[in-house]
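J.: Coordinates only, no sequence provided:
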C-alpha cells in the first residue's frame with residue numbers, strides 16, 4: 001500500500017443526496033498532489049471540509065474498503081418480512097454458486113415485485129396473484145416477452161429454492177417468446193470497423209471479440225496468462241454455465257497482440273482500466289459503439305454482434321456446425337443452429353420463383 005493510503009481516513013456519508021466517501025488526511029502539499037493524481041475525479045466539500053469520491057464498487061476496491069453485498073441497494077426499499085425473504089433468496093443463489101451477474105439479475109427482478117407488494121408477504125402469493133402481477137408487467141409496465149420471462153424465472157427460482165413450492169408456477173401463464181434472429185455484420189463491415197479504429201487497445205478488444213467469438217463477459221475476464229502463444233489458443237475460464245473451454249488464437253492477431261503488451265503492459269487482465277482494474281462491460285460496449293459510429297455502420301447491434309458474426313462467417317466458410325458449437329461453448333446444438341437462418345450461403349442457395357419466370 002502506498003504512502004497516501006496509509007495517511008487517509010474514510011467516512012461514508014450523504015452529500016447532495018448522493019452516497020460518497022469522504023477522504024481526510026493531514027494537510028501536506030506533496031500528499032495533496034499525490035492524492036489529486038491518484039483520484040483526479042475527487043471533489044472538495046466545504047460542508048464536510050474534506051475531499052470526496054462517489055461511493056462505488058470501483059472506489060471501494062481502490063480504497064480497500066468493504067464491498068457491499070450484491071442486492072444491498074434494494075434492502076432499504078423493502079418491508080421487514082420481505083426483506084428477510086430477499087436475503088434468504090440471495091443466500092440460496094450464493095449457495096448454488098451462481099455467477100455474480102446471474103445473482104444480480106435475479107435479485108433485481110425479484111426485488112421489483114417486493115417493492116410493489118410493500119408489506120404483503122411474498123411467500124403468501126398464489127398462482128392467481130402471480131398471474132395478475134405478470135399481466136400488470138405486460139399491460140402497465142410495457143415489458144417485452146423477454147423481460148417478463150426473465151422476471152418469471154427469477155421469481156420461480158425463489159419459490160423453488162427458498163419455499164420449495166415450485167408447483168405454484170404450474171398455473172402461471174407464460175407469454176410466447178419472440179424468436180429474434182441475431183444481428184450479423186458482413187465481412188466488409190467488420191473490415192470497415194477495424195479500419196475506423198485507430199486506438200491500439202480498442203482495436204485489440206474488437207479483433208479479440210470477433211476473432212475468438214467471445215461473449216463480452218469472457219472478453220473482459222480474459223487474463224494475460226490465459227493466452228498461450230505457443231499453442232495458439234486462449235483458455236476461457238468459468239464461462240457461461242461455469243464451463244471452461246479453449247478457443248483458437250488467430251495467427252493474424254499476434255503482431256497487434258505483442259504491440260499491445262509492449263505498449264500497455266497489463267498486469268493481470270488482458271484489458272485493464274485506468275487503475276489496472278478489470279475492464280468493464282460498459283467500457284467494452286462503448287468501444288464498439290464508437291467504432292460503429294466512426295465506420296458509418298448503423299445496424300443497432302451491440303458488441304455481442306461480433307460473436308454472432310464470428311459464428312455466421314465460420315458457417316459460411318464451411319465449418320462443421322458441431323465445431324462451431326464447441327468454439328462458442330453452447331450446451332445444445334440447437335442454439336448454434338440459429339446461425340443457419342442468417343447465413344448468406346444458406347439463403348443464397350434458394351432461388352425465388354420470381355427469378356425462374
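T.: Cool, the structure landed. Everything numeric in this text was worked out from a predicted model, so none of it was measured. Numbers count the residues shown, from 1 in each chain.

J.: May I ask which helix or strand of this protein has the lowest mean pLDDT?
T.: Across the helices and strands of the chain, mean pLDDT, DSSP states H and E gives its lowest value to helix 344-348, namely a mean of 65.

J.: give me the low-pLDDT residue ranges for this protein?
T.: 1-4, 275, 345-351 (pLDDT under 70).

J.: what are the ranges of the helices in the stretch 101-250 of the chain?
T.: 127-139, 145-161, 187-196, 200-212, 216-221 (DSSP state H, counting those that start in this stretch).

J.: Format those as CSV; extra columns: mean neighbour count.
T.: Bear in mind the C-beta positions are built from the backbone N, C-alpha and C, glycine included. Formatted as CSV, the helices of the stretch 101-250 of the chain follow (neighbours: other CB atoms under 10 Å):
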stretch, mean neighbour count
helix 127-139, 14
helix 145-161, 18
helix 187-196, 16
helix 200-212, 21
helix 216-221, 20
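
J.: need these in TSV with distance to residue 8, can you?
T.: Below are these laid out as TSV (distance: least, CB to CB, whole Å):
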stretch	distance to residue 8
helix 127-139	46
helix 145-161	39
helix 187-196	42
helix 200-212	30
helix 216-221	29
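
J.: Among those helices, which comes closest to residue 116?
T.: Ranking the helices of the stretch 101-250 of the chain by proximity to residue 116 (CB to CB) places helix 127-139 first, at 7.4 Å.

J.: thinking again about what came up before, what's the closest of the helices of the stretch 101-250 of the chain to residue 54?
T.: Using CB to CB, the nearest of the helices of the stretch 101-250 of the chain to residue 54 is helix 216-221, at 21.1 Å.

J.: re earlier: looking at the helices of the stretch 101-250 of the chain, which is closest to residue 311?
T.: Comparing the helices of the stretch 101-250 of the chain by CB to CB, helix 200-212 comes nearest, at 10.5 Å.

J.: Show me what that closest one is packed up against.
T.: Using 3 or more CB pairs under 8 Å, 6 or more residues apart in numbering; DSSP states H and E, the elements in contact with helix 200-212 are helix 187-196, helix 216-221, helix 254-264, helix 281-295, helix 304-316.

J.: Of those helices, which is nearest residue 17?
T.: helix 281-295 (23.3 Å).

J.: Show me the contact partners of the closest one.
T.: 189, 192-193, 195-197, 202, 205-206, 209, 216-217, 219-220, 271, 273, 298-299, 301-303, 305-306 (CB atoms under 8 Å, 6 or more residues apart in numbering).

J.: about what we covered before: could you point out which of the helices of the stretch 101-250 of the chain sits nearest residue 117?
T.: Between the helices of the stretch 101-250 of the chain, helix 127-139 lies closest to residue 117; by CB to CB that is 8.7 Å.

J.: Identify all contacting residues around the closest one.
T.: Contact partners of helix 127-139, identified using CB under 8 Å, 6+ apart, comprise 113, 116, 125, 143, 147-148, 151-152, 155, 168-173, 175.

J.: same thing but at 6 Å, please
T.: 143, 148, 168, 171-173 (CB atoms under 6 Å, 6 or more residues apart in numbering).

J.: before we move on, what about stretch 176-185?
T.: 145, 299, 301, 305, 308-309, 312, 341-342.

J.: Repeat the analysis, applying 7 Å as the threshold.
T.: 145-146, 149, 299-301, 305, 308-309, 312, 338, 341-342 (CB atoms under 7 Å, 6 or more residues apart in numbering).

J.: And these, which of them are buried?
T.: Using 16 or more other CB atoms under 10 Å as the burial test, the contacts of stretch 176-185 include 149, 301, 305, 308-309, 312, 338, 342 as buried.

J.: Just send the contacts of helix 127-139 back as CSV, with distance to residue 93 too.
T.: Formatted as CSV, the contacts of helix 127-139 follow (distance: CB to CB, whole Å):
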residue, distance to residue 93
143, 22
148, 20
168, 19
171, 25
172, 20
173, 25
